[in-house]
Each structure stands twice: as C-alpha cells, then as structure tokens.
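Peer 1: Sequence plus predicted model, see below.
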Amino acid sequence: MACRITEIVIDAQDPNRLAAFWCEVLGYVELDREADGSIQIGPPGAEAGGALPTVVIGAGRDPRPGKLPVHFDLNATDRDQEAELARLLALGAVPADVGQSGEESWHVLADPEGNEFCLLRARVKPV
C-alpha cells in the first residue's frame, strides 16, 4: 500500500489574502474554512481526500531564513509563458532571486507573503 498527497499546507500571516491570491492563480475556489482561520482551497467540486491535492492555508508563520525547501511549479493551461507571467505579476506575484543564473527557461516568483514558486515554459492541459 502507498500514500498519496491529499493536502499541501502553507502557513500565512494573512490566510484570506493568500487564499484569494492562490485561488486566482490556480482557478481554485474556497472549499472550507475552519474556526482557527485556516482556509482550504482546491479545484471547483473537489473535496478533502479527493483525487487532486487541495491547499490548506493556515494562520501563523514563524520567520524563515533563506530559500524554501518546497515550492510549487506551475505551467500555464491557456496561454504562453510570457502572458501567464504578466497575469501573475498583475495578481501580486513578484520576481524572486534564489540564485538562478538568468539562463533558466522558467521564472522564479514569490506570492504576496514571499513564498517562492516557479512558472515553467510548457503549456499543459487543464484538469
């Protein structure tokens, strides 16, 4: 028997803002909101433990030094990389420097709370 990723958890100083950002970026919706302030987001119609992992954004964050050990890699589904980059920047993402050379085929960005993620070049089919 194997395990499967069911949720990805992100701590946030402002869960509402971060959930709204990632919902816009990924085309996700709010699925659940807990009394402790955590917000679960995912594809429309998804549920906890379903086929696709959901994202849980919880309140509270201790300062962290340096580059995150885990990050999202994103691919656009309906536009080229440059058009998607412009959309992400308009939503509040900012370029991030994690030591890349400048020759990469991807862009390193950070969400409104500084969590790094990469925008890759390939266009993929929507789920």
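Peer 2: That came through fine. Residues are numbered from 1 along each chain as shown.
Peer 1: Domain ranges for the protein, per the record?
Peer 2: 7-59, 72-123 (automatic domain parsing).
Peer 1: Endpoints of the first one, how far apart?
Peer 2: Using C-alpha to C-alpha, to the nearest Å, the end-to-end distance of domain 7-59 comes out at 16 Å.
Peer 1: what distance separates it from the centre of its chain?
Peer 2: 10 Å (C-alpha atoms, centre = their mean, to the nearest Å).
Peer 1: just for this structure, where's the confidence low?
Peer 2: Scanning the chain with the threshold set as pLDDT under 70 gives 1, 61, 63-68.
Peer 1: Sketch out the strands for it, chain order is fine.
Peer 2: Taking DSSP state E as the criterion, the chain contains strands spanning 7-12, 29-33, 39-42, 54-59, 72-76, 94-95, 107-110, 116-123.
Peer 1: same for the last one, what does it pack against?
Peer 2: Counting contacts by 3 or more C-beta pairs under 8 Å, 6 or more residues apart in numbering; DSSP states H and E, strand 116-123 packs against strand 72-76, helix 81-91, strand 107-110. Bear in mind the C-beta positions are built from the backbone N, C-alpha and C, glycine included.
Peer 1: so which of the ones you listed is the most packed in?
Peer 2: strand 107-110 (a mean of 20; mean count of other C-beta atoms under 10 Å).
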